[in-house]
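Chemist: okay, here's the prediction I keep looking at, along with the sequence it came from:
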Amino acid sequence: MFEKIRRRLLLSYLIVLSLILGGFAIAVRIVFTHSLYKQQTQKLAALAQVGAANAEFDNGKLRIENDFPQDKMFKNYQELNWFDTKGNLIAKQGRDILKLPTHVKEGEQINPVGKNRIQSVTLAIINSDDKQFIGYVIASQSLEEFDETLNKLDLGLGGGIVVALIISGAGGVWLTRQAMQPIEESFERLKQFTADASHELRSPLMAIKSNAGVALKYREGMRETDAEKFQAISSATNQMTRLTEDLLFLARHDNIPNHIKETVNLSSILNNLVQLYQPQAVAKKIHLKSQFNEKLYLLGDLNQITRLFSNLIQNAIYYTPSKGIIEIIANLSVSHLVVNVQDTGVGIAPGDLENIFERFWRADKSRSYNSGGSGLGLAIAQAIAENHGGLITATSQLGIGSCFTVRLPVGSLN
Ligand SMILES: Nc1ncnc2c1ncn2[C@@H]1O[C@H](COP(=O)(O)OP(=O)(O)OP(=O)(O)O)[C@@H](O)[C@H]1O
Ligand SMILES: [Mg+2]
């Protein structure tokens with residue numbers, strides 16, 4: 001039980017941590033991309049301005065004056081293109097691999113070219129003498145390097161997150177163990193107290209029961225009302241004895257060590273239980289039938305397995321009205337025995353299904369005293385299934401019936 005809570009705690013911790021780290025990584029990526037891009041755009045705009053400053057209008061034609069630092073352009077995958085007012089290419093400098101689209105549009109833009117993306121800044125060239133518009137200059141640059149830098153950043157951030165999660169996971173295991181320790185200890189103490197209290201209650205209960213029994217045995221001369229009182233004492237004592245036995249069972253039974261397990265014949269257990277409960281079923285006019293082959297074996301505790309199915313069959317008989325049908329079907333499925341106890345009884349409301357295995361939970365609280373049930377039957381059945389490494393589940397429809405499915409591992413039978 002605690003293992004499950006510990007795992008859930010660790011998982012929630014890792015989910016929260018990965019969300020925080022993921023959010024942090026996304027924020028870092030956005031800020032970094034934005035500032036790197038801004039920096040690059042500024043450099044490109046500066047280059048375009050230099051390009052515009054070096055263009056002049058001579059005899060109605062656009063002419064480029066100086067050379068540009070070609071080396072630097074090559075290194076940065078940059079290119080400069082000058083266009084006249086009609087968008088015809090006049091001159092170009094820098095790297096030639098950037099096949100720019102021929103249309104000219106002022107401002108900053110990004111265009112996909114092949115596998116790469118090209119960032120470009122377009123400026124209008126204004127003649128310094130007469131302030132006339134004489135053409136355009138486009139400074140462009142491949143974003144290959146930029147994308148590579150981002151890929152490296154992604155790799156770094158992703159790798160960092162994975163490493164951080166692995167380290168935190170290891171730390172988390174230790175932390176959850178530390179956090180759960182006091183809870184486990186107090187649970188153990190509570191369990192011990194329940195076991196001790198139930199155990200100590202046995203003797204006084206036995207004393208009350210036997211005294212009431214003796215009194216009822218010699219009822220001659222006793223007033224009828226007194227006899228009824230003794231009867232009530234005896235029946236209440238029976239109920240309390242059962243309750244203390246159930247509590248003691250729940251407090252004391254944990255996983256059964258493998259060396260204590262024996263080969264259990266499940267078919268024979270089910271057969272015996274069907275025979276045992278047949279008179280009760282007949283008395284209620286319920287058809288109790290079974291369907292399984294004779295060779296179903298598993299490794300486990302005979303008494304516990306008997307108790308598990310007896311609790312389920314008792315419930316089925318109790319919660320099925322007369323003329324109903326109860327069917328017990330058992331099969332071997334690979335390494336598990338699957339037993340279904342299904343009835344055509346009152347059923348369980350969908351909202352209640354998740355509660356039925358809780359201790360002391362009963363759908364109809366008012367029936368508690370009359371039926372003698374305490375609401376521990378299914379909790380015990382579940383504890384036994386889990387003790388054997390198995391599972392018990394239920395499906396039900398109100399007014400139609402319920403089906404309890406028990407899956408028990410066969411274990412390594414020789
Ligand atoms: N076959 C069933 N059909 C309908 N309701 C069921 C069935 N089995 C269990 N329940 C519901 O689940 C509740 C819990 O069952 P559980 O066996 O734990 O307790 P109980 O039968 O009330 O008492 P106890 O078994 O301790 O005598 C029951 O009170 C009942 O409301
Ligand atoms: Mg029950």
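Modeler: All right, it came through fine. It should be emphasised that the depicted structure is a prediction, and the values quoted were computed from it without experimental measurement. Ligands and ions are numbered 1, 2, ... in the order given.
Chemist: can you give me the buried ones in the helix or strand hosting residue 278?
Modeler: Using DSSP states H and E, residue 278 maps to helix 266-283. Buried positions in helix 266-283, judged by neighbour count with 16 or more other CB atoms under 10 Å: 266, 267, 269, 270, 273, 274, 277, 281. The C-beta positions use only the backbone N, C-alpha and C, and glycine is treated the same way.
Chemist: between the residues you listed, which is closest to residue 58?
Modeler: Closest to residue 58 out of those is residue 266 (104.0 Å), distances taken as CB to CB.
Chemist: name the nearest residue to the closest one, sequence neighbours excluded.
Modeler: residue 296 (4.2 Å; CB to CB, 6 or more residues apart in numbering).
Chemist: the domain parsing of this structure - what is it?
Modeler: Here the domain parsing of the chain from automatic domain parsing is 2-142, 176-252, 258-409.
Chemist: quick one: closest of these to ligand 2.
Modeler: Among these, domain 258-409 comes nearest to ligand 2, with 2.7 Å by CB to the ion.
Chemist: now the closest one: average pLDDT?
Modeler: Across domain 258-409, the average pLDDT comes to 92.
Chemist: ranking the domains of the chain by burial, who's on top?
Modeler: Neighbour counts (mean count of other CB atoms under 10 Å) averaged over each of those peak at domain 258-409, with a mean of 17.
Chemist: after the longest helix that the chain contains comes which helix or strand?
Modeler: In the chain, assigned by DSSP state H, the helix with the most residues is helix 144-217. Per DSSP H and E, the first helix or strand lying C-terminal to helix 144-217 is helix 224-252.
Chemist: and that following helix with ligand 2, contact?
Modeler: No: on the criterion CB under 5 Å from the ion, helix 224-252 is out of touch with ligand 2, staying 10.0 Å away.
Chemist: any idea of the angle that helix forms with helix 144-217?
Modeler: 150 degrees (axes from the mean of the first three to the mean of the last three CA atoms, to 10 degrees).
Chemist: tell me which other helices or strands helix 224-252 touches.
Modeler: The elements that helix 224-252 packs onto, with contact taken as 3 or more CB pairs under 8 Å, 6 or more residues apart in numbering; DSSP states H and E, are helix 144-217, helix 377-387.
Chemist: just put those in CSV and tack on distance to residue 300.
Modeler: Converted to CSV, the helices and strands packed on helix 224-252 look like this (distance: least, CB to CB, whole Å):
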stretch, distance to residue 300
helix 144-217, 22
helix 377-387, 8
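Chemist: in this structure residue 355 contacts residue 362, no?
Modeler: No: if you go by CB atoms under 8 Å, residue 355 and residue 362 don't touch, sitting 9.3 Å apart.
Chemist: who in the stretch 201-350 of the chain is up against ligand 1?
Modeler: Contacts of the stretch 201-350 of the chain with ligand 1, taken as CB under 6 Å from any ligand atom, map to 311, 315, 316, 319, 343, 345, 346, 347, 348.
Chemist: now the helices for the stretch 301-414 of the chain?
Modeler: Along the stretch 301-414 of the chain, counting by DSSP state H, counting those that start in this stretch, helices occupy 302-318, 368-371, 377-387.
Chemist: please disregard the earlier target; I meant the stretch 1-150 of the chain.
Modeler: Along the stretch 1-150 of the chain, the stretches classed as helices by DSSP H, counting those that start in this stretch are 2-53, 70-75, 144-217.
Chemist: worst average pLDDT in these?
Modeler: Looking at the helices of the stretch 1-150 of the chain, the bottom one is helix 70-75 with a mean of 68.
Chemist: give me the contact list for the helix holding residue 278.
Modeler: The contact list for helix 266-283 (CB atoms under 8 Å, 6 or more residues apart in numbering) reads 287-288, 290, 292-298, 302, 305-306, 309-310, 313-314, 317, 326, 328, 330, 337, 339, 408.
Chemist: is it anywhere near ligand 2?
Modeler: No: contact of helix 266-283 with ligand 2 (CB under 5 Å from the ion) is absent, the minimum separation being 12.8 Å.
Chemist: now the helix or strand following that helix and helix 302-318, what's the angle there?
Modeler: Using DSSP H and E, the next helix or strand after helix 266-283 towards the C-terminus is strand 287-291. For strand 287-291 against helix 302-318, the angle by the same axes, to 10 degrees is 140 degrees.
Chemist: pairing partners for strand 287-291, with directions?
Modeler: Paired strands of strand 287-291, with direction, are strand 325-333 (parallel) (DSSP bridges).
Chemist: quick one: the strand it pairs with to chain centroid distance?
Modeler: How far strand 325-333 lies from its chain's middle: 31 Å, per CA atoms, centre = their mean, to the nearest Å.
Chemist: related to what we said a few turns ago, wait, what's in contact with the residue nearest to residue 266?
Modeler: Here residue 296 is in contact with 265, 266, 267, 270, 330, 332, 337 (CB under 8 Å, 6+ apart).
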